[in-house]
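Student: Build me a model:
(chains A and B)
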Protein chains: 2
Amino acid sequence: MSEPHIVPARGFPTEEFETRVANAQRLMDSARLDALVLTGPQNFRYFSGFNSQFWESPTRPFFLVVGREHDPIAVIPEIGGPGMATTWVSDIRTWPAPRPDDDGVTLLADVLASCPRRYGRAGWEMGRESVVRMPITDFDRLRNSNLGIEFVDGSPLIWELRKIKSQREVEKIREACRIGSDAFDLFQSRIHFGDSEIDASREFRIAALECGADTTPFVAVCSGPGGYSQIIVGPQDARLTDGVIMFIDTGITYDGYFCDFDRNFAFGHITEEAQRCHEAVWDATEAGIAAARPGVTAAGLWTAQAHVLDAAGAQGLNVGRSGHGLGMHLTEPPSNMPGDDTVLEPGMVMTIEPGMELAPGKMLVHEENIVITEDGCELLSRRAPRIMPVITN
Amino acid sequence: MSEPHIVPARGFPTEEFETRVANAQRLMDSARLDALVLTGPQNFRYFSGFNSQFWESPTRPFFLVVGREHDPIAVIPEIGGPGMATTWVSDIRTWPAPRPDDDGVTLLADVLASCPRRYGRAGWEMGRESVVRMPITDFDRLRNSNLGIEFVDGSPLIWELRKIKSQREVEKIREACRIGSDAFDLFQSRIHFGDSEIDASREFRIAALECGADTTPFVAVCSGPGGYSQIIVGPQDARLTDGVIMFIDTGITYDGYFCDFDRNFAFGHITEEAQRCHEAVWDATEAGIAAARPGVTAAGLWTAQAHVLDAAGAQGLNVGRSGHGLGMHLTEPPSNMPGDDTVLEPGMVMTIEPGMELAPGKMLVHEENIVITEDGCELLSRRAPRIMPVITN
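Tutor: This is a model prediction of the structure:
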């Protein structure tokens, strides 16, 4: 099904983590931070290599303290100790969790108190597109204690670091995109006229796993007669019958990195109007890809797509942007939208995701994934056909 | 493979949500709250029925305001509007998102300001096993504004409501457990000596989807010679060869509800010691199930299991508890552990999850799922064999 290819090795060599931490420390100095405290699965993994599905359980918080002058310190529940010991992080402090009246708070406070201090400030995941994964009551307890450390927003710094993907990271995203592309091919050979959205979602997930996906966290399926009204609620019981257009948007992962692109399928027949609209979003994607190069802004990617969509008579859409960053999260900064003046640089991975309405409540959206190179960009997903496939049996 | 059964209908009738909100409003009065503000996917869905995978993207916050005197108000990004309109929630306020400098903050403040006020307090997901899914900088902006509303911890109230599952909820968890049980049978027919943990995880996920799972968010696979050292990091590349014992712990969902139980498999051969240990954790599970009835505490479930484990010579373990609540989250309060005096009531769904070490770094864990009934409990997962299966080809 796919061309022969080499599956990228799992994990990263220690030097990759050392580079990430060194880059963080450099930025921490500019941001006047003594430490970064990470609580979310992706940020924790980015600096430590700790890979667990256990974040699915909300019971226990995990903390990684990246100091300006020392190697990362893991402050984690006992249950994570042995797994943590297999990572490059050597300073591991554990507490017996769950311990409802003090789940890591005192231990973390002790660690923070002992970190070398120049600025008296610690950065946390407090800002845009970020969540502090711990009870806020505990967070408040910590920041209102007499640690003498101000908790400030470290998320701009974290996103700045994660924005540029290393070659090894790009290879993992490329593999996720290869898997997603193969999965769409396999899926198309298995989906049938009359199936439900739920059937389609299940078939796609199975195909993705068969093609090499580790996990399938996001497989949205939406459909409607001649177009769909929205792209985030689904699959549902709706049947894929004559005249229906189905959209599958997929975030599947390989070794912790996402792809995020979509495909459209018509069932029975497709109107000329819908086909023309699909060609317009396909052409807009093409324009976005053509525009993507170092020096262009995320807003510029919006504009390049908008020109094509406007020429095709597009109306407003409820999505709010036409693509975004991609990596360990399904969506990352920046956003392709007016006002986002983030300048593209080599190593940034982006989605190009235009959409338009044919009529009120009938939209089509399309999406591909690219990596910015020295002089342009490279397509990571296998390009969709300009003509929407029609499933008739 | 499975006995004939009726797949429970997806979603809930409006009366189920009305009951949840009425119960919340009753508790809000006792807790002196004018409103509950929900930001997390499970709590948002619990009260609204809004089902989306879009929470995987960290870009946009979603808010549901459940007032003490009015129906829920959804304060959400525009992209969620059409999907939200298909739920029972009729009061939907949207803003064009992403809007980095004001992503819902002003709109939510306006809604909160307009809510009837008696106590001047709003409950948020601020406490144990809870996370506020929005930037804390925005949360701080809101609570430090001149709204005149104190933000307090609403999570005890939320967990109190979610603790008792309705009959419809139990049927969904029962179906998730049926799917998980069937998947383990199918998996066992497909797994081979010499496969890797990663192969096993993928095979299990595929089997679960084939058996009817909607999603497979948690499929932990850990292994080691004669036992494993931990249960939360894996799958990895490790091969399942002679003498290895593999553990699969699985949280798969049906219509938003989890099962969470595990199975152990030996490869090639199994030592008498490991077999004896497996029988001990199986017997401890049996004791936990036998003890589970209304009036017993979560701590009592720990004690019932600990008696059997102690008699078998168990050493300390890094897990910290021997089971927990189960529902829309993979793990929910209470915890089966000393000090958790939560009293079991009919409709609570619990895991019974004992573990023990054979030797330092070699543990075995076992887990089943039950629902508390009027006079005892009912097993939801299909009981594991007491003798650990040995995979030889």
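
Student: Flag every residue of the stretch 201-350 of chain A that's near chain B.
Tutor: For the stretch 201-350 of chain A, the contact set with chain B under CB under 8 Å from any CB of the partner chain comprises A:201-202, A:205-206, A:209-210, A:213-220, A:229-234, A:236-237, A:251, A:318-321, A:324, A:329-331, A:335, A:337, A:339-340. To be clear about C-beta, it is placed using only N, CA and C from the backbone, and glycine gets the same treatment.

Student: residues contacting residue A:357?
Tutor: Shown in contact with residue A:357 (CB atoms under 8 Å, 6 or more residues apart in numbering or on different chains): A:227, A:314-317, A:363.

Student: repeat for residue A:155
Tutor: A:123-130, B:135 are the contacts of residue A:155 under CB under 8 Å, 6+ apart.

Student: among the residues you listed, which two are most distant?
Tutor: A:123 and A:129 (15.0 Å; CB to CB).

Student: out of those two, which sits in the busier spot?
Tutor: Ranked by neighbour count (other CB atoms under 10 Å in any protein chain shown), residue A:123 and residue A:129 place residue A:123 first, with 27 against 24.

Student: so what pLDDT did residue A:70 get?
Tutor: Looking at residue A:70, its pLDDT stands at 89.

Student: quick one: it and residue A:111 touch, right?
Tutor: No: counting by CB atoms under 8 Å, residue A:70 stays clear of residue A:111, with 10.5 Å between them.

Student: Just want to know which of those two has more residues nearby.
Tutor: Neighbours were counted for residue A:70 and for residue A:111 using other CB under 10 Å; residue A:111 has more, 20 against 15.

Student: Please, which helix or strand holds the more buried one?
Tutor: Per DSSP states H and E: residue A:111 is located in helix A:105-114.

Student: Report the mean confidence score over whichever helix or strand comes after that helix.
Tutor: The helix or strand immediately downstream of helix A:105-114 is strand A:121-124, counting by DSSP H and E. Averaged across strand A:121-124, the pLDDT comes to 98.

Student: what lines up beside strand A:121-124 in the sheet?
Tutor: strand A:35-38 (parallel), strand A:150-153 (parallel) (DSSP bridges).

Student: Name the SS class of residue A:44, please.
Tutor: helix (DSSP: H, G, I helix; E, B strand; the rest coil).

Student: tell me the pLDDT at it?
Tutor: For residue A:44, the predicted pLDDT is 98.

Student: what about it, how many neighbours?
Tutor: 23.

Student: what about it, distance to chain B?
Tutor: The gap separating residue A:44 from chain B is 12 Å, by CB to the nearest CB, to the nearest Å.

Student: so who does that residue touch?
Tutor: A:38, A:50, A:62, A:64.

Student: Nearest to chain B among the residues you listed?
Tutor: For the contacts of residue A:44, the residue nearest chain B by CB to the nearest CB is residue A:50; the value is 7.3 Å.

Student: The closest one - how many residues pack around it?
Tutor: 25.

Student: Quick check: chain neighbours aside, which residue is closest to the residue in the stretch 101-250 of chain A positioned nearest to chain B?
Tutor: Using CB to the nearest CB, residue A:233 is the residue of the stretch 101-250 of chain A that sits closest to chain B, at 3.0 Å. Excluding the flanking residues, the one nearest residue A:233 by CB to CB, 6 or more residues apart in numbering or on different chains is residue B:83, at 3.0 Å.
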